[in-house]
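**Q** pasting the sequence and the predicted model now:
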Amino acid sequence: MQMMPQMGYDRGITTFSPDGRLFQVEYAREAVKRGTTAVGIKARNGVALLVDKRLTSRLLEGGSVEKIFRLDDHIGAATSGLVADARMLIDRGRIEAQINKIVYDEPIDVETLAKKICDFKQAYTQLGGLRPFGTALLIGGVYNGGCYLFETDPSGALLEYKATAIGSGRSIVTELLEQEYQEDLSLTDAILLGLKALYKVTEGRLDITTVDAGLAESENKRFRILTADELAPYVEQVKEQAASAGQSEGGQSTDTDEPQE
């Protein structure tokens, strides 16, 4: 009896291949890897979420590209992958937050909301006629004095991080974060570190029109998206630091007792 070609297991409904793989889920992860880079950093007084919007045309209005959303008053999310899929998950998350408020008369905690979104994503990996969501979310928020940062996967998996990234620049950002992240960072330091990572990913093509940032602040227990005027000084500071670092590397002194050629 002739075996079904392995490609046959990634057509139609999501089903296991003989070696235990779910190809549709793996393809969804590839969609995330092709998406723009999003960075999440947990600080001592909140959580910072930053995204590279990657504007493909100078004719495009940057404000129309949404990659950071507010799920509840104290929780936000950054997305990478298929934007339309992300909007559906954001709407689902907002509904779950409202349900919790109505039923329990209190804000939903960050981990519970992240798990509910992941449960919703996981269901789409096993129901016939549906495909997995081709997007990943970084969910950051504050609750009962704590700061939380979670990453959701197209499979419905959930992991908590101190700092992480999703999208095409994940490996570059992760390497930088492992070198420079400190647990006692302030939110200001977290913003600067995140922008530094995006500066490296974009090879210096960082601009106020191509980046968004959101903050979940412990002090007021609120999540808010920074305006362009608020974010501009941070962007300029990162660009100045990068320029200074480049000049110092290229302008090292060559004063020695030996003649120079």
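**A** It's in.
**Q** got the residue ranges for the strands in the stretch 51-200 of the chain?
**A** 68-72, 75-81, 135-143, 146-152, 158-160, 163-166 (DSSP state E, counting those that start in this stretch).
**Q** so where is the stretch 1-150 of the chain shaky, pLDDT-wise?
**A** 1-13 (pLDDT under 70).
**Q** about what we covered before: redo the strands of the stretch 51-200 of the chain as JSON lines? Include mean neighbour count.
**A** For every residue, glycine as well, the C-beta is placed using N, CA and C. As requested, the strands of the stretch 51-200 of the chain are exported to JSON lines (neighbours: other Cβ atoms under 10 Å):
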{"stretch": "strand 68-72", "mean neighbour count": "22"}
{"stretch": "strand 75-81", "mean neighbour count": "27"}
{"stretch": "strand 135-143", "mean neighbour count": "28"}
{"stretch": "strand 146-152", "mean neighbour count": "21"}
{"stretch": "strand 158-160", "mean neighbour count": "15"}
{"stretch": "strand 163-166", "mean neighbour count": "26"}
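**Q** just put those strands in a markdown table and tack on distance to D229.
**A** As requested, the strands of the stretch 51-200 of the chain are arranged in a markdown table below (distance: least, Cβ to Cβ, whole Å):
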| stretch | distance to D229 |
| --- | --- |
| strand 68-72 | 17 |
| strand 75-81 | 19 |
| strand 135-143 | 22 |
| strand 146-152 | 25 |
| strand 158-160 | 33 |
| strand 163-166 | 26 |
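**Q** got any ranges where the stretch 151-261 of the chain has weak pLDDT?
**A** 247-261.
**Q** again, only using 90
**A** 203-210, 241-261 (pLDDT under 90).
**Q** at which residues are the helices of it located?
**A** Here the stretch 151-261 of the chain has its helices, by DSSP state H, counting those that start in this stretch, at 170-180, 187-201, 228-250.
**Q** which of those sits closest to I108?
**A** helix 187-201 (22.3 Å; Cβ to Cβ).
**Q** what ranges do the helices span in the stretch 1-150 of the chain?
**A** Using DSSP H, counting those that start in this stretch, helices in the stretch 1-150 of the chain cover 23-33, 83-104, 110-123.
**Q** picking up where we left off before, tell me which of the strands of the stretch 51-200 of the chain lies nearest to K101.
**A** Once those are compared by Cβ to Cβ, strand 68-72 is nearest, at 8.1 Å.
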